[in-house]
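Peer 1: Return atomic coordinates for the entry below.
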Amino acid sequence: MADQNVPPRRPRDDRGWDGRQHHSADGYGDPHTPASYGHDSPHPYQGGYPAQADPREQYGDGYAHAGHPAPGPRGPQWVGPEGLGRPAPARPAGAGLPALDDDDEPGRKVGRRRAMVALGGTAAVVAGGAALAMSPQIRGLFGDEAAAAGDATGSTVTDGTAARPSGQQPSTVRTYTEQNESYMGSRAGEALKKNAPTSGRTLPGPAAAAAATKVTVKTVLAKDPILHLARRATFGPTPAVIADIKSQGIDAWIRAQLEPDKIEPSKAELKLSELPTLKLTPQQLRTQRDQLNEQGAQPEREMVDATIARQIWSKRQLFEVMVDFWNDFLHVAADFDGGEVHRNSFDQDVVRKHALGSYPEMLVAANKHPALLIYLNQKDSRKDAINENLARENLELYSVGVDGGYEEQDVRQAAMLQTGRGIDRDGKYVFKPEQHYVGKVKILGFTHANDSQDPKKADAAIDAYIAYIALHPSTAKYVAQSLATRFVSDTPPKSLVDRLAKTYTTNNGLIKPVLMALFSSSEFWAGVGQKVRRPMEYLVATYRALGVSPEASPKHNNGDNKRTPYARGLRQIHDKLRELGHYPMGQPTPDGYPDVYVAWTSAGTMVNGWNEAGEIIAGYRTAFTYTAPEKLIAKPPATAGAYVDALSQRLVGQQLSTREKTLILGVAGVPATAKVDATFNGAITAVARAILASPQHHLR
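Peer 2: Numbers count the residues shown, from 1 in each chain. Purely as a prediction, here's the structure:
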């Protein structure tokens, strides 16, 4: 991405499991570092910071907290942030942009490149000025003619705030918990704010709210509540999802989605048995290492592969959307030393187990899980050498938020309380009383005598603290703000956030009541067109829109006897998402990916996504079965204009504007009245791809 807020790509797709990634200073694996299973890096997310993210401290194991000299040998040795994070290496502007095909053929009035850029870049993706970025890089590719169409966003601006010096109060610092808000301070963000709904009310239920709400924002999307629900509560509408909502009704469909265990698994989910490591425990992963290496299995990557499969094909769509939400909110990266053993267990036993349950229970479980204890160095924290990483992130990222009222003293007290939690030789959670600090603590109003080294009592004291901060009023607001940003708008109305926070508190952190309150709000139904798909969401929605099947194509030639076609196909999608800079659990730092549009504006990513859509339409990835583009419409109309109408209805659920339709006809080089066959006179792939480049497919 030109303005990348993403980790650098680290290609190691086909190495065995023992080819571990050891991060070097620039964020890439060091090919000269010997592979060693079980090595715990002292910097689990040291690989460079996003070029556009707010700078943030890196964590260390062996440094005194800068500005606070290490106490004498009788007191705790503080281990914490060591200064400014290094930015990730940025690609040169415009570098590596894939070329769109068949541009400016003789006789074409509108070149395919220019038409698609006009569709994706300037067709009012979000009314009020925030279109998919027609950036200088794009304008340079397509010349003055493209530039004349206008630039709705301009450059994304960040303020480059320095990392927090030790001891500085969190309320005076911009850290990555505020990344969504910082991005929304750009020109595009200000335009979004002007167009977003500002207030609303709660109605008796989702269907009642949908019926009572008038959509007044400017948007190119059809103001159809069923389409709106399908766009927000799934990874992309499909004919089957639309039919289910219509037949069940809005209320019944949402209730069914909130009971995912009662929804039958899809064929693709059943085929996940072809990923050999998914059902293995951490202990089995350790003992079966050699066998798995021979199979070419990579547990942490297979977990990501499986997540992608569920996003595309699962019928439990709202559950998968919430899993993705929590993977950004309570983020533990897939790629860290120890992730190959423990990250899949964290996915199953923490995130998926509690995704629609209780957030306090999720946070308590996370704080006892080896994945988080390794990722944030808690396993190395003891009473005579205290590491504050997890204590800080519990407050700053996972509960009250950076402006939630805590101070540095609270971080230190929490770090002292949390000592003793670690991992035994078998990789299991264990409490080590000899490493636990004993003494009274006070953190954000939570007080505890903490006067016992008895493992059960000391462990229970930590659990009580974690549950306390998970139910803190600031946490309620933070969770509510994050959910509203995910489901409603990049600038959610304060009225909605306040009501969701109250629901969270009233229900002791249960998530289903909060979601029901959200779907029963007029703000949700008024927010049509106010969210833009991030790169992963765009690609997953494309697979869903095109009806790709998880079975291998008859054309597939499996040259890899270690993996099935299905497993290989999922890895291909995974690798493409890494190229796009956005894949499940991919952010190396513990903040997770930003959830606002202006963080993802990029010429390279936009064009790369369009080209990948073309690959899918053409069925080039033969590990799956594709509907031929000329068969997407059972009975194609005989004229070009009517065919575009039918195809856009099939792919994006609505017809396009006259201007957009004209641009797409320009891609095919025919007028609306021209006679065409099922292949659109040979241009069907280009036409379908152009529709998938439209604002109607980029918005969710």
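
Peer 1: Which parts of stretch 288-296 count as buried, going by neighbours?
Peer 2: 288-289, 292-293, 295-296 (16 or more other C-beta atoms under 10 Å). Every residue, glycine included, has its C-beta placed from N, CA and C.

Peer 1: Filter those down to just the ones in helices.
Peer 2: Residues of the buried residues of stretch 288-296 located in helices (DSSP state H): 289, 292-293, 295.

Peer 1: could you redo the residues you listed as a markdown table and give each row distance to Arg534 and pLDDT?
Peer 2: Listed next are these as a markdown table, based on distance: C-beta to C-beta, whole Å; pLDDT from 0 to 100:
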| residue | distance to Arg534 | pLDDT |
| --- | --- | --- |
| Arg289 | 35 | 86 |
| Leu292 | 32 | 87 |
| Asn293 | 34 | 83 |
| Gln295 | 32 | 80 |
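
Peer 1: check which helix or strand covers the nearest residue to Ala623 once chain neighbours are set aside.
Peer 2: Using C-beta to C-beta, 6 or more residues apart in numbering and skipping residues adjacent in sequence, the residue nearest Ala623 is Gly569, 2.8 Å away. Using DSSP states H and E, Gly569 falls within helix 565-580.

Peer 1: re earlier: with respect to Thr506, which of the ones in helices among the buried residues of stretch 288-296 is nearest?
Peer 2: Proximity of these to Thr506 (C-beta to C-beta) peaks at Leu292, which lies at 46.6 Å.

Peer 1: gap between the two ends of stretch 321-337?
Peer 2: End-to-end distance for stretch 321-337: 27 Å, by C-alpha to C-alpha, to the nearest Å.

Peer 1: Over to stretch 440-453?
Peer 2: Terminal residues of stretch 440-453 are spaced 13 Å apart (C-alpha to C-alpha).

Peer 1: How about residues contacting it?
Peer 2: 395, 400, 404-406, 410, 413-414, 416-417, 433-434, 436-439, 458, 461, 464-465, 468-469, 472 (C-beta atoms under 8 Å, 6 or more residues apart in numbering).

Peer 1: Drop anything exposed from those.
Peer 2: 395, 400, 404, 406, 410, 413-414, 416-417, 436-438, 458, 461, 465, 468-469, 472.

Peer 1: ok, back up a step: tell me the one among the ones in helices among the buried residues of stretch 288-296 nearest to His342.
Peer 2: Among these, and counting by C-beta to C-beta, the member closest to His342 is Arg289, at 13.8 Å.

Peer 1: Next one: that closest one from Leu280, what distance?
Peer 2: Arg289 sits 11 Å away from Leu280, going by C-beta to C-beta, to the nearest Å.

Peer 1: ditto for Leu692
Peer 2: Using C-beta to C-beta, Leu692 is found at 37 Å from Leu280.

Peer 1: And those two? Which one has more around it.
Peer 2: Leu692 (28 against 19; other C-beta atoms under 10 Å).

Peer 1: quick one: low-confidence ranges for the stretch 451-600 of the chain?
Peer 2: 558-560 (pLDDT under 70).

Peer 1: Which stretches in it count as strands?
Peer 2: Taking DSSP state E, counting those that start in this stretch, the stretch 451-600 of the chain contains no strands at all.

Peer 1: And the helices in it?
Peer 2: 455-470, 473-487, 494-506, 511-519, 522-526, 535-545, 565-580 (DSSP state H, counting those that start in this stretch).

Peer 1: Present those as JSON lines; the columns should include distance to Arg343.
Peer 2: Below are the helices of the stretch 451-600 of the chain laid out as JSON lines (distance: least, C-beta to C-beta, whole Å):
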{"stretch": "helix 455-470", "distance to Arg343": "21"}
{"stretch": "helix 473-487", "distance to Arg343": "22"}
{"stretch": "helix 494-506", "distance to Arg343": "27"}
{"stretch": "helix 511-519", "distance to Arg343": "22"}
{"stretch": "helix 522-526", "distance to Arg343": "32"}
{"stretch": "helix 535-545", "distance to Arg343": "18"}
{"stretch": "helix 565-580", "distance to Arg343": "14"}
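
Peer 1: Just give me the neighbour total for the residue nearest to Asp380 when sequence neighbours are not counted.
Peer 2: With sequence-adjacent residues excluded and distances taken as C-beta to C-beta, 6+ apart, Asp380 is closest to Asn387, at 5.5 Å. Asn387 has 25 neighbours, counted by other C-beta under 10 Å.

Peer 1: and if you look at the one 10 residues further on?
Peer 2: Leu397 has 22 neighbouring residues, counting by other C-beta under 10 Å.

Peer 1: Could I have the CA atoms of stretch 527-539 written out in PDB?
Peer 2: Taking C-alpha atoms only, stretch 527-539 is exported to PDB below (Å, rounded to 0.1, in the frame of the first residue of the first chain):
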ATOM      1  CA  GLY A 527     -25.700   4.300   8.300                       C
ATOM      2  CA  VAL A 528     -26.100   2.900   4.800                       C
ATOM      3  CA  GLY A 529     -22.900   3.400   2.800                       C
ATOM      4  CA  GLN A 530     -20.800   4.600   5.700                       C
ATOM      5  CA  LYS A 531     -18.300   1.800   5.800                       C
ATOM      6  CA  VAL A 532     -15.700   0.800   3.200                       C
ATOM      7  CA  ARG A 533     -14.400  -2.700   2.900                       C
ATOM      8  CA  ARG A 534     -10.800  -3.200   4.100                       C
ATOM      9  CA  PRO A 535      -8.600  -5.200   1.700                       C
ATOM     10  CA  MET A 536      -9.400  -8.600   3.300                       C
ATOM     11  CA  GLU A 537     -13.100  -7.800   3.400                       C
ATOM     12  CA  TYR A 538     -13.000  -6.800  -0.300                       C
ATOM     13  CA  LEU A 539     -11.400 -10.000  -1.400                       C
END
